[in-house]
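Engineer: My questions are about this predicted structure, shown below with the sequence.
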Amino acid sequence: MRQKTGDSKPEVLGIWIGSPSRLPSLQREGIFRFLFNLVKHLMLSYPLRIEVWCQELNLPRVRELFSELSAVPEFGERIVFCTEMNACGRDPWNPGAGRRSFFLGLAALAHHLKIGIFFLKDTVQKSRPFLLPAGFLLAVSAVYLALRFHLWESLPLGIWFFTPLAFLVVLLLVFRARLEWLLVWAWDLFKQTLNLLPRAANRYSAADCFLVQNFDMANAWKIERLKVINLHDLYTTEFASLFRTSGRSLRLLFQGQKAARYAARLAADGSYFVSNSDHIRRTHALALIPGLDEKNTGVIFLPAIIPEGIGLRLATREAVLAAFRIPGEYAFYPTHIRPYKNILTLLKAFHIVLASGHELSLVLTGNLADDAACLAFARGSGLEKKIILTGEISEVEMYGLYRHAALAVVPTLSEGGFPWQALEAMAMETPVIVSRIPVVEERLRYHGLPPEACGLPMFEPHDEKALAQKIIQVLAQRAQAGSEQKLVRETLLAYDWRQLGERYFRLFSRLLERES
């Protein structure tokens, strides 16, 4: 870490992607798209050097995320990737880090142990459908051998083998939910026990401060530097009851609640929490994090992520429809199927629209099976044939689907800030309908746009009839709806990443000055 002088401007910024979990491809995830664009515009505007800290396990995916910057010599010389294995050992700014053979040996051992455990976990998951039949066959075979060779007269091998196996099967079936929670807890404990990254950062990082995402709070609290936390949301705390009943969200609930607990530790050491709306700052940061001082909270709005020249790379309408087997007009909502995304209300409204005689498909990028209620409604109402699930798509594919959609619908119960999907649809000049939620109204008022008369159709989040009516209105007058949204579109999209970078740089400077 550099010695402070009279100048409190940051020189080295640490970007913390320290999750001990094995991360998937990061380029389509909202938080990581945010990180990439923020780092890019900070480096464009300021002579910052960047340390990106991640687990060795995730280094290829993190390098891929920032590959566009690393490939440019001007940027590549100012960005370095640090893990528990290299510990900035190849860091040109910190060449004299001293002897670290023992620490790196321990890190290497932990890394290869994690690789092996993750391999076993994948193997078990892939063979899960065969585990119960295999166990049953083993039990039957054991009983047969015991009977065939009269083993019960001397050693009841079959009985001893069958009894604990049967008992285990019963436990798994009867107490599946509780055992699943225990397994999630044990798996998380394993990952945290072998997490040496915070220790490596404390010993070898040159960063003046670290930028941490809310999902990484649990493994960042041990960093002994100034920390700025992007508290996008704490939805697993606010909507805990929905997560418990949604079917496949137990792991998300566990991780979210753990993050909320560790947020209190970060608040205690003076970390600064940035939210993307004042609503989240008040209702999540200040209301849900014990001991957080209001002076350590702030708001920085997020702009839309619109890739430069994206319009020139989009496929034609015919190509998009053919690629995703869409029969005609469609509504689009790209999102993971999570409880607070309010997909069930969208499905109910869509059912009403179809019942009124309109021909329309609904294109989603998530998996309906991730929410039990959504899947049950889709099957029970006969909607499955009208719902198209694309799975993971590229950025170009996503914007192509926006461009040629009849409309986009964003029914979410809450977001960290103004929903990105709405901004992305606006950028493609596609009419959009949004739920009337505090973060939407807050952002509109900030820009001087009255929510009631801004041209943006809104509905109460749980009112499927109102949403259906809005959809029918937009379908009947699509050109007029697009024209009415012109002012709100131009106003919201005028706020860009350069302005965001300026606000973050001023924040870093102010916090460093406060510490010096």
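Structural biologist: Arrived safely, thanks for sending. Just so it is clear, the structure is predicted and the values come from calculations on it, not from any experiment. Numbers count the residues shown, from 1 in each chain.

Engineer: now Pro450: how far from Thr345?
Structural biologist: 25 Å (CB to CB, to the nearest Å). Any C-beta I mention is one placed from the backbone N, CA and C, and that applies to glycine too.

Engineer: With neighbour numbers in mind, choose between these two.
Structural biologist: With neighbours defined as other CB atoms under 10 Å, Pro450 and Thr345 compare such that Thr345 has more, 24 against 9.

Engineer: show me the contacts for the more buried one.
Structural biologist: Taking CB atoms under 8 Å, 6 or more residues apart in numbering, we find Thr345 in contact with Pro411, Pro461, His462, Asp463, Glu464, Leu467.

Engineer: what kind of secondary structure is it in?
Structural biologist: helix (DSSP: H, G, I helix; E, B strand; the rest coil).

Engineer: What pLDDT is listed against it?
Structural biologist: Model confidence at Thr345, given as pLDDT, is 97.

Engineer: three-state assignment of Gly298?
Structural biologist: Using three-state DSSP, the structure places Gly298 in strand.

Engineer: residues in contact with it?
Structural biologist: Gly298 makes contact with Tyr272, Phe273, Val274, Ser275, Arg281, Leu507, according to CB under 8 Å, 6+ apart.

Engineer: what are the ranges of the helices in the stretch 301-450 of the chain?
Structural biologist: 317-323, 343-355, 372-380, 395-404, 420-427, 438-446 (DSSP state H, counting those that start in this stretch).

Engineer: which secondary structure elements does the fifth one contact?
Structural biologist: The reference is to helix 420-427. Judged by 3 or more CB pairs under 8 Å, 6 or more residues apart in numbering; DSSP states H and E, the packing partners of helix 420-427 are helix 395-404, strand 407-410, strand 432-435, helix 486-493.

Engineer: What is the burial count for the nearest residue to Leu314 once chain neighbours are set aside?
Structural biologist: Computed as CB to CB, 6 or more residues apart in numbering, the closest residue to Leu314 that is not its neighbour in sequence is Gly400, at 4.5 Å. Using other CB under 10 Å, Gly400 has 23 other residues around it.

Engineer: Roughly how far does Gly400 sit from Arg317?
Structural biologist: Distance, Gly400 to Arg317, by CB to CB: 9 Å.

Engineer: repeat for Cys82
Structural biologist: 46 Å.

Engineer: Tabulate the helices and strands packed on helix 420-427 (JSON lines), appending distance to Leu288 and mean pLDDT.
Structural biologist: Formatted as JSON lines, the helices and strands packed on helix 420-427 follow (distance: least, CB to CB, whole Å; pLDDT from 0 to 100):
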{"stretch": "helix 395-404", "distance to Leu288": "32", "mean pLDDT": "95"}
{"stretch": "strand 407-410", "distance to Leu288": "24", "mean pLDDT": "97"}
{"stretch": "strand 432-435", "distance to Leu288": "22", "mean pLDDT": "97"}
{"stretch": "helix 486-493", "distance to Leu288": "28", "mean pLDDT": "95"}
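
Engineer: want to throw the ones you listed into a markdown table with distance to Glu441?
Structural biologist: Below are the helices and strands packed on helix 420-427 laid out as a markdown table (distance: least, CB to CB, whole Å):
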| stretch | distance to Glu441 |
| --- | --- |
| helix 395-404 | 23 |
| strand 407-410 | 14 |
| strand 432-435 | 10 |
| helix 486-493 | 12 |
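
Engineer: wait, isn't Arg478 in contact with Ala405?
Structural biologist: No - look at Arg478 against Ala405 with CB atoms under 8 Å: they stay out of range, at 10.1 Å.

Engineer: Looking only at neighbour counts, state which of those two leads.
Structural biologist: More neighbours surround Ala405 than the other of Arg478 and Ala405, with 24 against 15 (other CB under 10 Å).

Engineer: Spatially nearest residue to that one, not counting backbone neighbours?
Structural biologist: Per CB to CB, 6+ apart, closest to Ala405 is Phe332, 4.0 Å.

Engineer: buried sites along stretch 422-429?
Structural biologist: Ala422, Leu423, Glu424, Ala425, Met426, Ala427, Met428 (16 or more other CB atoms under 10 Å).

Engineer: wait, what's in contact with the third one?
Structural biologist: Just to be clear, that refers to Glu424. Residues in contact with Glu424, defined by CB under 8 Å, 6+ apart, are Ala304, Ile305, Ile306, Met398, Tyr399, Tyr402, Ala408.

Engineer: which ones are touching the third one?
Structural biologist: For Ile306, the contacting residues are Leu423, Glu424, Ala427, Leu493, by CB under 8 Å, 6+ apart.

Engineer: How much space separates Thr283 from Asp233?
Structural biologist: 10 Å.

Engineer: Which one's more surrounded, these two?
Structural biologist: A direct count of neighbours by other CB under 10 Å for Thr283 and Asp233 places Asp233 higher, at 23 against 18.
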